[in-house]
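Chemist: model the following, please.
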Amino acid sequence: MTGDRQQDTQARAITSRRRVLTAAALTPVLAAAGPATACTLPAGMPGPGHRRRVKPVPTGLADWAAVAKALGRTGNMLRGTTYHTSFPRRDLHVVSDGVVVTPELALGTHVAFVRYADGSTMLMGDVVVTEHELQQVTDAWQAHGIEQTALHKHLLAQIPDIWWIHVHAHGHDAAALARGLRAGFDRTGTPPAQPPGPRVPVDLNIAGMEAALGAKGSPDDGLYKVIFVRRETIADGHLILPPGLGSTSALNFQPLGGGRAALSGDCAMLAGEVQNVLKALRRGGIKLVELHNHHLADDPRLFFTHFWAVGDGVELARAVRPAMDATNVVPSG
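Modeler: Okay, the predicted model is just below:
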């Protein structure tokens with residue numbers, strides 16, 4: 001037993017001596033490099049284990065004909081790179097906070113396709129489903145390789161119960177992605193596309209609201225909408241997102257008569273902005289609905305808060321402005 005102890009002691013001494021020598025040898029190298037050099041990469045370069053980032057490329061409607069056929073309806077181009085299609089849930093009669101919610105305010109499914117320089121396509125979307133539809137829609141998408149990246153609410157205490165699902169997919173066959181998406185839609189009551197209806201006037205004090213917000217919006221489908229875009233370049237994994245895709249703050253005002261409106265909003269934030277935004281919204285009397293992520297691999301990491309309020313349109317605009325001012329955004333208009 002004495003011999004064994006001596007051998008063990010000698011082994012520990014040798015190991016300890018090796019560690020000391022190794023540390024001494026590395027000290028000049030680490031000192032010369034410094035902590036910043038040791039862990040920092042040049043701006044815009046992918047980190048260890050990450051693929052080089054790929055940029056989106058311009059496309060036109062003709063490039064998405066197969067996608068339109070698979071989805072069963074036509075879409076439109078946004079900013080020359082994003083093919084967008086909406087699926088308003090006109091089949092639903094939803095009431096929240098005593099307000100009959102129009103499909104344009106908060107019941108619109110939206111999906112977007114983007115082509116990249118490597119020939120691949122990314123799909124992103126926000127899909128409205130009823131609680132009854134939720135599980136079967138998820139099963140259909142999972143069977144077709146369509147990922148779910150968020151499950152959340154846009155409204156408080158709505159009747160019937162509605163959920164919003166963020167979806168994501170990436171591949172080299174855009175039509176196949178669209179068919180996988182359609183497989184989920186076919187499990188819902190989403191109605192067929194309808195021809196555009198007559199333009200509905202927006203009964204709100206738009207000039208007063210724009211002055212209060214310090215930003216201009218636009219009437220759209222009977223609503224007044226204001227969009228803010230993050231100033232940073234946002235990537236999802238190795239794919240750079242086109243400006244305004246998946247990283248916007250949106251304010252939707254539904255007229256209720258007499259200058260009053262229902263506000264359904266969504267604010268995109270960095271982690272360091274979240275608490276200031278939430279406090280600003282509550283100081284303005286705006287109700288918080290949800291705090292969550294839309295992406296799984298975004299860089300920089302974004303958080304989103306959905307919020308709701310009912311009141312005079314100008315007062316709502318004035319109340320929400322400090323929250324927008326607390327983030328690094330610029331009006332899209």
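
Chemist: and residue 324, how many neighbours?
Modeler: Using other C-beta atoms under 10 Å, the number of residues around residue 324 comes to 22. Every C-beta, even on glycine, is put in place using the N, C-alpha and C of the backbone.

Chemist: what number of residues lie near the nearest residue to residue 51 once chain neighbours are set aside?
Modeler: Take residue 51 and drop its neighbours on the chain: the residue closest to it by C-beta to C-beta, 6 or more residues apart in numbering is residue 238, 4.1 Å away. Neighbour count of residue 238, defined by other C-beta under 10 Å: 16.

Chemist: for residue 77, see how far away residue 238 is.
Modeler: Computed as C-beta to C-beta, to the nearest Å, the residue 238 to residue 77 distance reads 24 Å.

Chemist: for residue 122, pull up the helix or strand it's in.
Modeler: Element membership of residue 122 [criterion: DSSP states H and E] is strand 121-130.

Chemist: tell me what the helix or strand in which residue 114 is found is packed against?
Modeler: Under the criterion of DSSP H and E, residue 114 resides in strand 108-115. Under the contact criterion of 3 or more C-beta pairs under 8 Å, 6 or more residues apart in numbering; DSSP states H and E, strand 108-115 touches strand 82-88, strand 121-130, helix 174-185.

Chemist: can you give me the strands in the stretch 151-300 of the chain?
Modeler: Along the stretch 151-300 of the chain, counting by DSSP state E, counting those that start in this stretch, strands occupy 162-171, 218-220, 223-230, 235-236, 239-240, 248-257, 260-269, 287-292, 298-299.

Chemist: quick one: buried residues of the second one?
Modeler: Buried positions in strand 218-220, judged by neighbour count with 16 or more other C-beta atoms under 10 Å: residue 219.

Chemist: now it, how far from the centre of its chain.
Modeler: Centre-to-centre, strand 218-220 and its host chain are 21 Å apart (C-alpha atoms, centre = their mean, to the nearest Å).

Chemist: contact partners of it?
Modeler: Residues from elsewhere that reach strand 218-220, judged by C-beta atoms under 8 Å, 6 or more residues apart in numbering: 104, 201, 202, 206, 224, 225, 333.
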